[in-house]
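Q: Take a look and give me a structure for this.
(chains A and B)
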Amino acid sequence: SQQGEEDPQALSIQEGENATMNCSYKTSINNLQWYRQNSGRGLVHLILIRSNEREKHSGRLRVTLDTSKKSSSLLITASRAADTASYFCATDHIQGAQKLVFGQGTRLTINP
Amino acid sequence: EAQVTQNPRYLITVTGKKLTVTCSQNMNHEYMSWYRQDPGLGLRQIYYSMNVEVTDKGDVPEGYKVSRKEKRNFPLILESPSPNQTSLYFCASSFQGQGYSGYTFGSGTRLTVV
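A: Got it, this is the predicted structure:
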């Protein structure tokens, strides 16, 4: 399966701490994306990193990509209660087809 | 507001009774797709469409049909629903090519087939 795998499956931290989630995949990609899902709701696109990029920032989010290790990480700095959600990595493997393959997600809980 | 609109949000139906879940986007996106989300299985693609009148199977197309007669709409049809199609369904859309920056998802349709 091309499916990405997130690690850890669940993460619980205190408000203000940083949260790091990891994603590994098996076959070469065009790009990798991270999405957030609040309980039972639609997924929200957070950030896209292309295969020729190594790091990308968006506000409190930092994404890294290591294509040699087929892995990515999402760092959320200075976490807030509103960051409580599930986070999914999604990989785009086929040029032009935009077929995203989602991992199982990391459930992040921010404790006040 | 740019969005993907799915209807209905919740649906309980009986086995074998045909139903349609609608999906509409107002962003002029070429690409549209349907996913189902199940505990332990994650999100799996059902069907996708790269433009009007162009559709193709995803990973789990059995028991579903789609059509793309207009650019903005991409309905999901269950001709004869079965209990194993009980799931949370999401429609998504995106630009193609240079404009591509990830998917926009709808809010989801929670379907229960009894």
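
Q: Tell me the bridge partners for B:T20.
A: B:I77 (DSSP bridges).

Q: how many neighbours does it have?
A: 13 (other Cβ atoms under 10 Å in any protein chain shown). Yep, even glycine has a C-beta here, placed from its N, CA and C like the rest.

Q: what's the answer for A:P8, then?
A: Neighbours of A:P8 (other Cβ under 10 Å): 12.

Q: can you give me the strands in chain B?
A: For chain B, applying DSSP state E gives strands covering B:4-7, B:10-13, B:19-25, B:31-38, B:42-51, B:54-57, B:65-66, B:76-78, B:87-94, B:104-105, B:109-113.

Q: which SS class is A:R36?
A: strand (DSSP: H, G, I helix; E, B strand; the rest coil).

Q: ok so, going back, adding mean pLDDT as columns, could you present the strands of chain B in JSON lines?
A: Converted to JSON lines, the strands of chain B look like this (pLDDT from 0 to 100):
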{"stretch": "strand B:4-7", "mean pLDDT": "97"}
{"stretch": "strand B:10-13", "mean pLDDT": "97"}
{"stretch": "strand B:19-25", "mean pLDDT": "98"}
{"stretch": "strand B:31-38", "mean pLDDT": "96"}
{"stretch": "strand B:42-51", "mean pLDDT": "93"}
{"stretch": "strand B:54-57", "mean pLDDT": "94"}
{"stretch": "strand B:65-66", "mean pLDDT": "98"}
{"stretch": "strand B:76-78", "mean pLDDT": "98"}
{"stretch": "strand B:87-94", "mean pLDDT": "96"}
{"stretch": "strand B:104-105", "mean pLDDT": "96"}
{"stretch": "strand B:109-113", "mean pLDDT": "98"}
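
Q: okay if I get these as TSV plus distance to A:L65?
A: As requested, those are arranged in TSV below (distance: least, Cβ to Cβ, whole Å):
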stretch	distance to A:L65
strand B:4-7	27
strand B:10-13	38
strand B:19-25	28
strand B:31-38	23
strand B:42-51	21
strand B:54-57	28
strand B:65-66	32
strand B:76-78	33
strand B:87-94	20
strand B:104-105	22
strand B:109-113	33
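
Q: Up against chain A, what does chain B have?
A: Residues of chain B found near chain A (Cβ under 8 Å from any Cβ of the partner chain) are B:4, B:31, B:33, B:35, B:40, B:42-43, B:45, B:48, B:50, B:58, B:88, B:90, B:92, B:94, B:96-97, B:100-108, B:110.

Q: Thank you kindly, that will do.
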